[in-house]
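[1] Give me coordinates for this.
(one chain, ligands or ions: 1)
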Amino acid sequence: MIILGHDQSGSNAPSLIEAVRSWRGQLPAGESLALVPTMGALHEGHLSLVRAAREECDQVALTIFVNPTQFAPGEDLSEYPRTLKKDLEKARKAGVDLVWLGQAELLYPPGFSTEVIVPELSERLCGLSRPHHFGGVCIVVLKLFNIFQPTHAYFGEKDLQQVTIIERMTRDLNLPLEIVSRPLVREPDGLAMSSRNVRLSDEERVTALSLSTVLGQIVSSHAAGEMNVEKLLKDARSLLPAEVSLEYLEILDRSSLQPLQDLSESQDAVTCLAARVGEVRLIDNMALVHPQ
Ligand code: PAF
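    Residues are numbered from 1 along each chain as shown. Below you'll find the predicted structure:
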């Protein structure tokens, strides 16, 4: 496995981009290249993306870069877990061909000011409390696409809004690659896997389980025939313990991310939420299954 960026200092950082281009240029013509962008602290969710990429593409590149532009001042940029040594071991075992460790000074040189915004999709849900977040995600993902020129890029559906925005950006800008989204991966007890889970105390970890429980409750009530969105959401909210500070809980159309009023008409509904448990902000979502 090639590692680019491990011991590089700021002064020779630009060569990191050249190094990717030269590696890319040497791949046999016609080979597919999968890009798996991450912020590290790799867990099974990330590894499921790598495994899918490994099966479906000839080459797999994984990036690890905690991207500062998607964090607002006061958010958890400095607390974001960083576990590079373990990440490299996991990447090696999962069969990654190249790991690239981004550097802020390389990606955002002095004077950097370009913005990439997918307005409508970015302003709702997580965008309400994190208004600059998706602009930061789009700019770094677009930069990675330009640097690697992958044929495929893999994203997890835990960040459903993120993957929807990236799909839209890719379509709107005619980017020549396929976005592959893969299902969210859960812990055995149901908690959605997230790099941030390690920041939960034992007690908070128990409280956090209520998030997947309420989503599961919405899915099963709907599968049993409940069509009233307001009632489904109200019943679910009442199940959340007081220690959970709910940011949003919604039932949406999967592709437009618009709230649904009438479940009988939608074939592709999803329920999603964001909440704080202690200091840790968590998100989760589940697809609704139509009553038979
Ligand atoms: O999902 C993430 O880990 C990040 O938002 C991403 C896509 C790697 C961009 O920094």
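[2] Within range of the ligand, give me the residues from this structure.
    37-39, 67, 70, 137, 140-141, 159, 162 (CB under 6 Å from any ligand atom). Placement of C-beta: from N, CA and C, glycine included.
[3] What about the residues you listed, which are in strands?
    With strands defined by DSSP state E, the entries of those inside them are 37-38.
[4] so of the residues of the chain next to the ligand, which ones are in helices?
    Within these, residues falling in helices by DSSP state H are 137, 140-141, 162.
[5] and these, which two are the farthest apart?
    140 and 162 (11.4 Å; CB to CB).
[6] Mind putting the residues of the chain next to the ligand into CSV with distance to residue 112?
    Conversion of the residues of the chain next to the ligand to CSV gives the following (distance: CB to CB, whole Å):
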residue, distance to residue 112
37, 18
38, 22
39, 19
67, 13
70, 14
137, 16
140, 11
141, 15
159, 24
162, 21
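[7] show me the contacts for the residue in the stretch 151-292 of the chain that the ligand sits nearest to.
    Going by CB to the nearest ligand atom, the ligand is nearest to residue 159 of the stretch 151-292 of the chain, at 5.2 Å. Shown in contact with residue 159 (CB atoms under 8 Å, 6 or more residues apart in numbering): residue 283.
[8] State the distance from it to residue 61.
    Using CB to CB, to the nearest Å, residue 159 is found at 19 Å from residue 61.
[9] Please apply the same query to residue 169.
    Remark: distance between residue 169 and residue 61 (CB to CB) = 20 Å.
[10] who's more crowded, these two?
    residue 61 (26 against 22; other CB atoms under 10 Å).
[11] pretty sure that one is in a strand, no?
    Yes. According to DSSP: H, G, I helix; E, B strand; the rest coil, residue 61 belongs to a strand.
[12] If it is in a bridge, with which residues?
    Beta bridges link residue 61 to residue 35, residue 98, judged by DSSP bridges.
[13] what sits against it?
    20, 33-36, 96-100, 148, 150.
[14] quick one, what contacts residue 270?
    Neighbour list for residue 270: 160, 251-254, 285-288 [criterion: CB under 8 Å, 6+ apart].
[15] let's see it at 6 Å
    252, 254, 285, 287 (CB atoms under 6 Å, 6 or more residues apart in numbering).
[16] Tell me where the chain has helices.
    Remark: helices assigned in the chain by DSSP H are 15-25, 44-56, 84-94, 104-107, 119-123, 126-129, 133-148, 160-172, 202-223, 229-237.
[17] would you turn the ones you listed into TSV with mean pLDDT?
    Listed next are the helices of the chain as TSV, based on pLDDT from 0 to 100:
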stretch	mean pLDDT
helix 15-25	94
helix 44-56	98
helix 84-94	98
helix 104-107	93
helix 119-123	95
helix 126-129	97
helix 133-148	98
helix 160-172	98
helix 202-223	98
helix 229-237	97
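[18] Please identify which of those is closest to residue 273.
    helix 202-223 (6.2 Å).
[19] So for the closest one, what gets flagged as buried?
    Residues 204-205, 207-208, 210-215, 217-219, 221-222 are the ones in helix 202-223 that count as buried (16 or more other CB atoms under 10 Å).
[20] List just the nearest of those residues to residue 179.
    Among these, residue 215 lies closest to residue 179 (CB to CB), at 24.1 Å.
[21] Give the full set of residues in contact with the closest one.
    By CB under 6 Å, 6+ apart, residue 215 lies in contact with 271, 284, 286.
[22] Grab the nearest non-local neighbour of it.
    residue 286 (4.4 Å; CB to CB, 6 or more residues apart in numbering).
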